[in-house]
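Trainee: Just to be clear, the model below is a prediction. Sequence and coordinates:
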Amino acid sequence: WCAARGNDFGNNQLIEAVEATGIERLTNKKSIILPQLSAGGVAAPELPKKSKEFPFRVVYGPVWSKDLPEFLEKRPARKPDKMKLAKFTLKHRFRGFITHTT
């Protein structure tokens, strides 16, 4: 999610990743799940629609990867609040401080 804010993860990078990995040849799924906080950098409405360049529909998943199994199992039409909110504990903040200052 920090990459989205710093213009390091947006539409161009998403398209490049899809093309570089050839993921469309590895799955018959038509959706790609992105972390919810990547929405700051990815403008889903501006992505090519069902094109060879980008054959997926973007679905924003939960904020935290620990919630991904439940999200995949239940496929909620509307995510519960616990999957939408980013509550950063002191531990998260300290880890971020160390990461960004070293």
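Mentor: Nice, I can see it.
Trainee: which ones are touching the residue nearest the centre of the chain?
Mentor: The residue lying closest to the centre of the chain (Cα atoms, centre = their mean) is L34, at 2.2 Å. For L34, the contacting residues are 14, 42, 58-61, by Cβ atoms under 8 Å, 6 or more residues apart in numbering. The C-beta positions use only the backbone N, C-alpha and C, and glycine is treated the same way.
Trainee: By neighbour count, which of those residues wins?
Mentor: L14 (21 neighbours; other Cβ atoms under 10 Å).
Trainee: Please, which helix or strand holds that residue?
Mentor: helix 11-21 (DSSP states H and E).
Trainee: Strands of the chain, start to end?
Mentor: 31-34, 57-60 (DSSP state E).
Trainee: got the buried residues for stretch 38-47?
Mentor: 38, 40-42, 44, 47 (16 or more other Cβ atoms under 10 Å).
Trainee: Of those residues, just say which sits nearest to E24.
Mentor: The closest of the buried residues of stretch 38-47 to E24 turns out to be L47 (Cβ to Cβ; 13.6 Å).
Trainee: I'd assumed I15 was in contact with that closest one.
Mentor: Yes - counting by Cβ atoms under 8 Å, I15 is a contact partner of L47 at 7.3 Å.
Trainee: what residues do the two have in common as contacts?
Mentor: F54.
Trainee: can you give me the helices in this protein?
Mentor: 2-5, 11-21, 68-74, 81-84, 90-101 (DSSP state H).
Trainee: among those, which is nearest F54?
Mentor: Per Cβ to Cβ, nearest to F54 of the helices of the chain: helix 11-21, 5.3 Å.
Trainee: chain center to that closest one, what's the gap?
Mentor: 13 Å (Cα atoms, centre = their mean, to the nearest Å).
Trainee: I am finished for the moment; much appreciated.
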